[in-house]
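*Asks:* Any chance you can model this:
(2 chains)
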Protein chains: 2
Amino acid sequence: MQIEHPYLMFLGDAADQLAAKTAQGIVHWRRDWCVGQLRLENCHADLGLPDMTIDAAAAAGVRTLVIGVANRGGVIGESWMSTILAAIEAGMDVASGLHARIADIPEIAAAAAANGAQLFDVRHPTRTFDVGTGARRPGKRMLAVGTDCSVGKMYTALAVDAEMRERGVDCDFRATGQTGIFIAGSGVSVDAVVSDFISGATEWLAPANAADHWDLVEGQGSLFHPSYAGVTMGLVHGAQPDALVLCHEPTRTHMRGLPHQALPDIGACIDGHLAAARLTNPDALCVGIAVNTSGMKGGGARADLLRQLSDQFGIPALDPVRDGVAPIVDRLMQL
Amino acid sequence: MQIEHPYLMFLGDAADQLAAKTAQGIVHWRRDWCVGQLRLENCHADLGLPDMTIDAAAAAGVRTLVIGVANRGGVIGESWMSTILAAIEAGMDVASGLHARIADIPEIAAAAAANGAQLFDVRHPTRTFDVGTGARRPGKRMLAVGTDCSVGKMYTALAVDAEMRERGVDCDFRATGQTGIFIAGSGVSVDAVVSDFISGATEWLAPANAADHWDLVEGQGSLFHPSYAGVTMGLVHGAQPDALVLCHEPTRTHMRGLPHQALPDIGACIDGHLAAARLTNPDALCVGIAVNTSGMKGGGARADLLRQLSDQFGIPALDPVRDGVAPIVDRLMQL
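*Replies:* Numbering: from 1, shown residues only, chains lettered A, B, ... in the order given. Here you go, the predicted structure:
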């Protein structure tokens, strides 16, 4: 599976900018791939891209219509259908991040078959995987882990990927969730894999490689999130990481979606993820803390927190958005 | 889903006794439910039950034909088909532990529809689950965990269930794998659940209950098994156990199926599972060690090992097959 670019970003009738979060992430990281956006009436999101019709996009060489938007009510309305079908008829593939599979919609499936178009439902793995083995494999791997869900694991892995590329390091970003898959053009939504195969799917995603090649693996969930820790555990074991980066959002008052669940202590969280990682890579180290400080008030408090974390754990602590990730990449290059 | 008994145990053309391992487990724990066995030509397994035809079984009141046998080559041959179809036509349901779904075989599906028979593919969850929350719920729960796969977790949970029933304790065995599901008549194969829902499926399986009710939850895998630890992690969090029993097989030289993977230290294994359990139940304790000593030579060595483990960890260490589990149940009753 390889989603081909350039992309036309379909925003449908997005209720607000947040509904287009996935699309925004794609544009942020792969601006070159995104030729334009297509918005229907009553669309309240804007990616800042040129508005384009299907015909104009086809003429501009677009290969894939990307549905990177949350839809209302979970069903694809008629207004979406006509755009999707027109894209297929214009020779595009369609890639969707919706929960419901577009490939399950008979009209779309029929149009795709008739036009030789590929349909990508990136939330749903389309292949099966072997059971993981944990056998050591060559190549270096970094995994972003977190104190919680949605604390910047994808951003951090992508920032490390970008910094490494600038330095000429041979590396790949390995996507484990829908937005990441659109950004990489491939990947596996590990939370949708049958649970026996989580580590196996991750071993497939980040396979044996040259000794100095880095895979930068997007993390999912947290070992301390009662809803999703199983996914995280299999991902940690399968990634066999040489290095972990712990991602953290300091203004959270409880685990995401669970008001009764306290956040883990940062030290315990590092130790817990390292202990898990060392089952398949005894040399695993935590090389940095990536803190999303966007919710903090005042530069002083922000700097104090980062300094305190760095002092406490003896590793770089930084906000990847404000500060970049160079100090973390410096550490990785020393491994 | 509730598989109705009595059962007729179908052994097909089992290559050897090991191929009928699931059926043997069912007969061991639910001898009363198993009216007879049906063996085809070239069957090399024997459950010690009366051999019965479909007609005789139907006359004896059998409700379900149980396919508790590994088949050759993974496909259901003609010789099996005719028996399965005859059972359906005689008014029985069919429950299968095969990897391939019998419900996917058109002739079987058609016969079941025509006769109002239910088809149970116990390895495959037939419902969806909510995401787990980890919210505290009433009722008491014990979970069997292990240093490895196949070290007696199901046996231990069933032995505790039997001992509690003898003492008049209100309890349920909660099955998480195929053999256990046949034995309980219901359950969830958690390793076949989509990974986002492992803890949620377990919360559903062992729901809120009376304060003095015990759920005895069958474990799966090990947090220290690189292939399956994700399943184990979600199961531990979803079970929200008050008590863990660690199961162990002392003659293993490596993790099952993985010659490169060392067994965990027992103390580290207890600590690791307890740390995970305490995320959703801060009061979780390890109340015993269940050791499968069948591979050990000599009663002296066996007694020495159990005494050493009991002294080291301050909890009962016993072989549930040889010794029963009364000391563990004594501990549970004190919680």
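*Asks:* count of residues packed around whichever residue of the stretch 1-150 of chain A sits closest to chain B?
*Replies:* Chain B sits closest to A:Gly134 of the stretch 1-150 of chain A, with a gap of 2.7 Å, by C-beta to the nearest C-beta. Quick note: C-beta positions are derived from backbone N, CA and C, even for glycine. A:Gly134: 22 surrounding residues under other C-beta atoms under 10 Å in any protein chain shown.
*Asks:* Tell me the residues of the stretch 151-300 of chain A that contact chain B?
*Replies:* Selection of the stretch 151-300 of chain A residues close to chain B by C-beta under 8 Å from any C-beta of the partner chain yields A:190-196, A:198-200, A:223-224, A:226-235, A:237-238, A:258, A:260-261, A:272, A:275-276, A:279-280.
*Asks:* switch to 7 Å and redo it
*Replies:* Contact residues (C-beta under 7 Å from any C-beta of the partner chain) of the stretch 151-300 of chain A with chain B: A:190-196, A:198-199, A:224, A:226-231, A:233-234, A:237, A:258, A:260-261, A:279-280.
*Asks:* of the residues you listed, buried ones?
*Replies:* Buried members of these, scored by 16 or more other C-beta atoms under 10 Å in any protein chain shown, are A:190-196, A:198-199, A:224, A:226-231, A:233-234, A:237, A:258, A:261, A:279-280.
*Asks:* residues contacting the residue of the stretch 1-150 of chain A closest to chain B?
*Replies:* A:Gly134 is in contact with A:His237, A:Leu279, A:Thr280, B:Pro226, B:Ser227, B:Leu258, B:Gln261, counting by C-beta atoms under 7 Å, 6 or more residues apart in numbering or on different chains.
*Asks:* I'd like to know how far the spatially closest residue to it that is not a sequence neighbour sits from B:Asp191.
*Replies:* Nearest residue to A:Gly134, sequence neighbours excluded (C-beta to C-beta, 6 or more residues apart in numbering or on different chains): B:Pro226, at 2.7 Å. According to C-beta to C-beta, to the nearest Å, B:Pro226 and B:Asp191 sit 14 Å apart.
*Asks:* Same question for A:Leu38.
*Replies:* Applying C-beta to C-beta, the value for A:Leu38 to B:Asp191 is 42 Å.
*Asks:* Likewise for A:Cys247?
*Replies:* With C-beta to C-beta as the criterion, A:Cys247 and B:Asp191 are 29 Å apart.
*Asks:* Next: A:Asp304.
*Replies:* A:Asp304 sits 46 Å away from B:Asp191, going by C-beta to C-beta.
*Asks:* again, but for A:Arg30
*Replies:* A:Arg30 sits 36 Å away from B:Asp191, going by C-beta to C-beta.
*Asks:* Need the phi and psi values for A:Gly230.
*Replies:* Backbone torsions for A:Gly230, taken as degrees, to the nearest 10, come to phi -60, psi -40.
*Asks:* nearest residue to it other than its sequence neighbours?
*Replies:* What sits nearest to A:Gly230 in space, not counting adjacent residues and going by C-beta to C-beta, 6+ apart, is B:Gly234, at 2.9 Å.
*Asks:* And the helix or strand encompassing the one you found, what does it pack against?
*Replies:* Assigned by DSSP states H and E, B:Gly234 falls within helix B:229-239. Secondary-structure packing of helix B:229-239 (3 or more C-beta pairs under 7 Å, 6 or more residues apart in numbering or on different chains; DSSP states H and E): helix A:229-239, strand B:140-146, helix B:198-205, helix B:266-280.
*Asks:* closest one to A:Val69 among the ones you listed?
*Replies:* helix A:229-239 (23.9 Å; C-beta to C-beta).
*Asks:* and for the closest one, what are the contacting residues?
*Replies:* Applying C-beta under 7 Å, 6+ apart, the contact partners of helix A:229-239 are A:132, A:134, A:141, A:143, A:176, A:190-191, A:195, A:198-203, A:206, A:217, A:219-223, A:273, A:276-277, A:279-280, B:195-196, B:198-199, B:226, B:229-231, B:233-234, B:237.
*Asks:* residues touching A:Ala117, list them.
*Replies:* By C-beta under 7 Å, 6+ apart, the contact set of A:Ala117 is A:Ile88, A:Met92, A:Asp93, A:Val94.
*Asks:* pretty sure the second one is touching A:Gly61, no?
*Replies:* No: taking contact to mean C-beta atoms under 7 Å, the distance of 10.3 Å between A:Met92 and A:Gly61 leaves them out of contact.
*Asks:* Looking at those two, which is more packed in?
*Replies:* For A:Met92 versus A:Gly61, neighbours defined as other C-beta under 10 Å are more numerous around A:Met92 (24 against 9).
*Asks:* Specify the local secondary structure of the closest residue to that one other than its chain neighbours.
*Replies:* Once flanking residues are discounted, A:Met92 sits nearest to A:Leu65: 5.0 Å by C-beta to C-beta, 6+ apart. Classification of A:Leu65 using DSSP: H, G, I helix; E, B strand; the rest coil returns strand.
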